[in-house]
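Asker: model this:
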Amino acid sequence: MFVRNWMHAQELSISSDALATEAVTLISENNLKMLPVVDNGRLRGVVHRRDLSEAATCVSESGNTCEMNYFCNKLKVKDVMVRMPVTVSVDDSVEDVLMKGRERTMSTFPVMDGDKVVGVLSDREIFVMLYKLLEVGHECTRITLTDVNLQEGTLSKILKIVEESSCMIRAIFTVPEGKNGVARVVLRTECRDSEVLSKNLMDNGFNILEFKG
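Answerer: Numbering: from 1, shown residues only. A predicted model of the protein is given here:
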């Protein structure tokens, strides 16, 4: 899975010399988590909804008229933006981005196509991706096997059991359980009788952690 196919395409940006209140308006009206800061076609930084909200809250709670006036009329994007932000490429894999996010404790990245900002990939897009992978809203039999020793032919064996149980596989993926070669196997299937599939899996030595027929 590549970033270009899962990112949120975004053409909006703001100048570093724009007022912070302009960034607040753009972010709010377009429901953004982050807004790229671009000067003369080059990415100079990013401004986050969170940082702007914290600044506004701080000024509001202070009750200081001068601070409020400065925030509304003088505070610029360059005063609150994150400079030299960490970026990802449209050609990066989503897996690589997740690793980068974990290493840097980040959940939102501007996406670059060469020198141009073309989108954003954040936990919001990852959530949508998971929503689609799990086929949320689609009625099907959902089974999670645990302590599966993944070897050559293991998944083929599971698929054969699904087929022999008069079921059609919709999705299958594995989740490592922290032991060498041992994983959970998550199945999404369409079955005439899901209980038959469950029994056949157990009869073949598979342990069922979760079952929803």
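Asker: need the longest strand for this protein.
Answerer: Counting residues, the longest strand found in the chain (DSSP state E) is strand 167-179.
Asker: Next, the buried residues of that one.
Answerer: Buried residues in strand 167-179, counted by 16 or more other CB atoms under 10 Å: Cys167. Where C-beta positions appear, they are placed from N, C-alpha and C, glycine not excepted.
Asker: centroid residue for the chain?
Answerer: By CA atoms, centre = their mean, the chain has its centre lying nearest to Ile126, at 1.7 Å.
Asker: what sits against it?
Answerer: Going by CB atoms under 8 Å, 6 or more residues apart in numbering, Ile126 touches 94, 98.
Asker: Which other helices and strands does the longest strand of the chain contact?
Answerer: Contacts defined by 3 or more CB pairs under 8 Å, 6 or more residues apart in numbering; DSSP states H and E place strand 167-179 against strand 141-149, helix 154-164, strand 182-191.
Asker: Mind putting those into a markdown table with mean pLDDT and distance to Lys199?
Answerer: Shown next, in a markdown table, are those (pLDDT from 0 to 100; distance: least, CB to CB, whole Å):
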| stretch | mean pLDDT | distance to Lys199 |
| --- | --- | --- |
| strand 141-149 | 93 | 12 |
| helix 154-164 | 95 | 10 |
| strand 182-191 | 92 | 12 |
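Asker: any chance of the ones you listed in TSV, with mean neighbour count too?
Answerer: As requested, the helices and strands packed on strand 167-179 are arranged in TSV below (neighbours: other CB atoms under 10 Å):
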stretch	mean neighbour count
strand 141-149	18
helix 154-164	15
strand 182-191	18
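Asker: which residues sit against the longest strand of the chain?
Answerer: 133, 135, 138, 140-141, 146-148, 150, 155, 158-159, 162-163, 182-192, 194, 197.
Asker: cool, stretch 8-28 as well?
Answerer: Counting by CB under 8 Å, 6+ apart, 30, 32-39, 44-45, 47, 49, 52, 55-56, 71-81, 117-122, 124-125 sit against stretch 8-28.
Asker: Name the nearest residue to Arg83, sequence neighbours excluded.
Answerer: Gly45 (4.6 Å; CB to CB, 6 or more residues apart in numbering).
Asker: quick one: contacts for the residue nearest to Gly101 when sequence neighbours are not counted?
Answerer: Nearest residue to Gly101, sequence neighbours excluded (CB to CB, 6+ apart): Ser107, at 5.9 Å. For Ser107, the contacting residues are 101, 122-123, by CB under 8 Å, 6+ apart.
Asker: Check which residues of stretch 21-29 are buried.
Answerer: Neighbour-count burial for stretch 21-29 [16+ other CB under 10 Å]: 21, 23-24, 26-27.
Asker: And the next helix or strand past the worst-scoring helix or strand of the chain on mean pLDDT?
Answerer: Scoring the helices and strands of the chain by mean pLDDT, DSSP states H and E places helix 65-73 at the bottom, with a mean of 67. Downstream of helix 65-73, the next assigned helix or strand under DSSP states H and E is helix 77-80.
Asker: ok, then the element right after that following helix?
Answerer: Next helix or strand after helix 77-80 toward the C-terminus (DSSP H and E): strand 82-83.
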